[in-house]
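Q: could you look at this predicted model? Sequence included:
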Amino acid sequence: MSNWALIIYCGLITYLTRFTMIALIKKEMFNDRIREVLSFVPSAIFPA
């Protein structure tokens, strides 16, 4: 496998794992207080 293909493959895997974590969270799971607190947290740290 070439280096570029490996880089693209790793990027896709990383993107898909992060996207599924954000996409599968149901908004009904959180009450108003948790939503307020989480509104200050960038979504980039959820999958990390």
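A: Happy to help now that I have it.
Q: centroid-nearest residue for the chain?
A: R18 (3.2 Å; Cα atoms, centre = their mean).
Q: can you map out the helices along the protein?
A: Ranges of helices in the chain, per DSSP state H, are 3-23, 32-38.
Q: lowest-confidence stretch among those helices?
A: Least confident of those, judged by mean pLDDT, is helix 32-38 with a mean of 81.
Q: next, the buried residues of it.
A: Within helix 32-38, no residue is scored as buried using 16 or more other Cβ atoms under 10 Å. Heads up, the C-betas are built off the backbone N, CA and C, glycines and all.
Q: where's that helix relative to the chain centroid, distance-wise?
A: 18 Å (Cα atoms, centre = their mean, to the nearest Å).
Q: over to stretch 20-29?
A: Distance of stretch 20-29 from the chain centroid (Cα atoms, centre = their mean) equals 10 Å.
Q: and that stretch, how far apart are its ends?
A: Chord length of stretch 20-29, first to last residue, is 16 Å (Cα to Cα, to the nearest Å).
Q: likewise for stretch 27-36?
A: Start and end residues of stretch 27-36 are separated by 12 Å (Cα to Cα).
Q: who's in contact with it?
A: L38 (Cβ atoms under 8 Å, 6 or more residues apart in numbering).
Q: at 10 Å what do you get?
A: When contacts are defined by Cβ atoms under 10 Å, 6 or more residues apart in numbering, stretch 27-36 is touched by residues V37, L38.
Q: and that stretch, how far out from the chain middle?
A: Counting by Cα atoms, centre = their mean, stretch 27-36 comes out at 18 Å from the chain centroid.
Q: picking that back up, can you list the helices of the chain in a markdown table and add distance to I45?
A: Shown next, in a markdown table, are these (distance: least, Cβ to Cβ, whole Å):
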| stretch | distance to I45 |
| --- | --- |
| helix 3-23 | 10 |
| helix 32-38 | 10 |
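Q: re earlier: so how far is I25 from the residue nearest to the centre of the chain?
A: Taking Cβ to Cβ, to the nearest Å as the measure, R18 falls 12 Å from I25.
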